[in-house]
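Student: Would you be able to build a 3D model of this:
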Amino acid sequence: MKIITPVLCIATLSMVACAQERSDVSLRSGAGSSAGLHPQSQPVAASAAAPRPSRVPAQYNEVSVSRPIVALTFDDGPHPELTPKLLDILRQNGVRATFYVIGRNVAAYPDIARRIVAEGHEIANHTYNHPALTSLGAGRLQQEVANTTEVIQRVTGRRPTNMRPPYGAINDRVRASILRDHGLDVIMWSCDPLDWKRPGAQVVRQRLVDGAKPGGILLAHDIHPGTIEAVPGVIQDLKAKGFGFATVSQLLALQETKPASQTQVSAPAADEQTAVQ
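Tutor: Next up, the predicted model:
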């Protein structure tokens, strides 16, 4: 059996053109932390908005990838204190992640949203006010998704290509609207550490590491101190196991062919049950 090393994973990822990322942004391991932008990072111009991938939008809990690669994802930010700390950690470890941001938080903390993009991470839609979309009428549903896409693009110059419904609340009507009306992939998760219950950093770390698998989408929240504390250990443990890291869009670009009946997956039964701080 051919063993794929972390070096090979990183080399593979470096060749993938992520719809949300610029090739001239680099994350350097060992760089010093700072609450501001990395010295080599610059705000992204509005003209840099990424094109929509050519494939048909779909819903994913995980991605069919045989390589040991996972996507770290963080919901509910930007948080004024915790998100910059998380960005420092990711930069120090050379890891890129996907941030499912709330529109009103992007409007409140635009510099942090710009930093997310400038440092090579993916920024994605998590609605404007964090409602359960299944409880909304068609008009409000449209506003929650469209207004968030608009503020993300206006602030960062990047148009998100995927979204995550708050609480994981999804049904056929909501799914059809997101996929058809907004042209966004619906991204759920394959591992939920239940960090919103604040079980402690060590528990969050262990749950994320134990739940990782090739093509996995790991759910976490950058609004809880314990989660931020857990991230360095999660990265360390997963690297030791041979895992590489990708944004969600990178992971989707690496998707391997599988039968049509398996290309879309249902929503998980568990809810996020998160509260915006």
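Student: where does the protein dip in pLDDT?
Tutor: 1-54, 258-277 (pLDDT under 70).
Student: Helices of that one, residue ranges please.
Tutor: 6-14, 82-93, 103-108, 110-118, 138-156, 172-176, 201-211, 225-240, 248-253 (DSSP state H).
Student: and these as a markdown table, adding mean neighbour count?
Tutor: Using the backbone N, CA and C atoms, a C-beta is placed for each residue, glycine as well. Output for these, formatted as a markdown table (neighbours: other Cβ atoms under 10 Å):
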| stretch | mean neighbour count |
| --- | --- |
| helix 6-14 | 15 |
| helix 82-93 | 21 |
| helix 103-108 | 20 |
| helix 110-118 | 23 |
| helix 138-156 | 18 |
| helix 172-176 | 14 |
| helix 201-211 | 19 |
| helix 225-240 | 19 |
| helix 248-253 | 25 |
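Student: Quick one: closest of those helices to residue 59.
Tutor: Minimum separation from residue 59 across those (Cβ to Cβ) falls at helix 172-176, 6.2 Å.
Student: so how far is the closest one off the chain centroid?
Tutor: Put simply, helix 172-176 sits 21 Å off its chain's centre (Cα atoms, centre = their mean, to the nearest Å).
Student: Extract the C-alpha trace of that helix and format it as CSV.
Tutor: Extracted in CSV, the C-alpha atoms of helix 172-176 (Å, rounded to 0.1, in the frame of the first residue of the first chain):
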residue,chain,number,x,y,z
ASP,A,172,-35.8,20.6,1.7
ARG,A,173,-37.2,24.1,1.3
VAL,A,174,-34.2,25.8,2.8
ARG,A,175,-31.7,23.6,1.0
ALA,A,176,-33.3,24.2,-2.4
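Student: For that helix, give me every contacting residue.
Tutor: 59, 133-134, 141, 165, 186 (Cβ atoms under 8 Å, 6 or more residues apart in numbering).
Student: Name the member of the residues you listed with the most neighbours.
Tutor: residue 165 (29 neighbours; other Cβ atoms under 10 Å).
Student: OK, contacts around the residue nearest to that one when sequence neighbours are not counted?
Tutor: Among residues not flanking residue 165 along the chain, residue 133 sits closest, at 5.0 Å (Cβ to Cβ, 6 or more residues apart in numbering). Neighbouring residues of residue 133 by Cβ under 8 Å, 6+ apart: 127, 141, 144, 165-166, 169-170, 174.
Student: farthest pair in those residues?
Tutor: Farthest apart among the contacts of residue 133 by Cβ to Cβ are 144 and 170. That separation is 13.4 Å.
Student: any idea how far residue 231 is from residue 160?
Tutor: As judged by Cβ to Cβ, to the nearest Å, residue 231 and residue 160 stand 22 Å apart.
Student: re earlier: same list (the contacts of residue 133) but as TSV, adding distance to residue 151.
Tutor: Below are these laid out as TSV (distance: Cβ to Cβ, whole Å):
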residue	distance to residue 151
127	11
141	17
144	12
165	18
166	16
169	21
170	22
174	20
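Student: Closest one of those residues to residue 119?
Tutor: For the contacts of residue 133, the nearest to residue 119 is residue 127 (23.6 Å; Cβ to Cβ).
Student: pretty sure that closest one contacts residue 145?
Tutor: Yes. Using Cβ atoms under 8 Å, residue 127 is in contact with residue 145, at 6.5 Å.
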